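Enquirer: Predicted model follows, preceded by the sequence.
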Amino acid sequence: MKTISLLFISVIMFFLSGCSYKGGVISVKPYTVNFLSFNKHAQSVYLNKFQDERIHKNIIAVVTDNKGDNLGYSTTQTNFSKWYDSAIKKALKANGVVVVNSPYKASLKISGKINNILATFNKSDLTKENLTGFISLKLIIKKGNTTITKTISEHINKYNGISVSSQDFKKEIKILLDDSVRMIVKNILNVK
């Protein structure tokens, strides 16, 4: 009887440890240009640094229960200020825009603020969309004495089944990041 009880407890512990969330580090790949727009008005752009204003810059994903309590989180070592600077430059150049090193040589001066980058998985809800992701940025475009401020936000909701690893967030975060770069570049290209 003692052996059966021990075996039963061992099986339960093995099952629970296999289904518990294993947080970890999510590495974000560099941006790859995959769109071109020919509705271009900007001739030259100076790109000022995008400031990451998030409080917890290294937390990128959270696992919660049905009450919203945190069961675990995933981090990243990606510097999103540098990531966005690089991605926007690549996308602008691919669209024929000259990115200059001096604000005095540019027809547009671009800066921005990263307000939020976060994916959340609700581990208790396995019947509907339980993975959400959200990115929010402020884009500031200066043309002469005119300043245009735009809020760029991307959102994703999907069903993800049982999430047991930080890698389950990787694809959705990359989709959100790439979509936000496309929105930023489209806004820059459409300034008249």
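Expert: Great, that's in hand.
Enquirer: So in the chain, which helix runs the longest?
Expert: In the chain, taking DSSP state H as the definition, the longest helix is helix 170-189.
Enquirer: which parts of that helix are buried?
Expert: 170, 172-174, 176-178, 180-185, 188-189 (16 or more other CB atoms under 10 Å). Just so you know, the C-beta spots here come from the backbone N, C-alpha and C atoms, and that holds for glycine as well.
Enquirer: That helix packs against which elements?
Expert: Applying 3 or more CB pairs under 8 Å, 6 or more residues apart in numbering; DSSP states H and E, one finds that helix 170-189 makes contact with helix 80-94, strand 108-122, strand 131-143, strand 146-158.
Enquirer: Apply 6 Å and report the result again.
Expert: The contact analysis (3 or more CB pairs under 6 Å, 6 or more residues apart in numbering; DSSP states H and E) places helix 170-189 against helix 80-94, strand 131-143, strand 146-158.
Enquirer: would CSV of those with mean pLDDT be doable?
Expert: CSV is the format used below for the helices and strands packed on helix 170-189 (pLDDT from 0 to 100):
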stretch, mean pLDDT
helix 80-94, 94
strand 131-143, 94
strand 146-158, 92
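Enquirer: With Ser107 as the reference, name the closest of the ones you listed.
Expert: When the helices and strands packed on helix 170-189 are compared by CB to CB, strand 131-143 sits nearest Ser107, at 6.7 Å.
Enquirer: Tell me the gap between the closest one and the middle of its chain.
Expert: Centre-to-centre, strand 131-143 and its host chain are 10 Å apart (CA atoms, centre = their mean, to the nearest Å).
Enquirer: Now do the buried residues in it.
Expert: For strand 131-143, burial by neighbour count (16+ other CB under 10 Å) applies to Leu131, Thr132, Gly133, Phe134, Ile135, Ser136, Leu137, Lys138, Leu139, Ile141, Lys142.
Enquirer: Report the two of these separated the most.
Expert: So, the buried residues of strand 131-143 by CB to CB: farthest apart are Leu131 and Lys142, at 37.1 Å.
Enquirer: Tell me where the model's unsure across the protein.
Expert: Flagging of the chain using pLDDT under 70 yields the residue ranges 1-23, 38-42, 125-126, 161-165.
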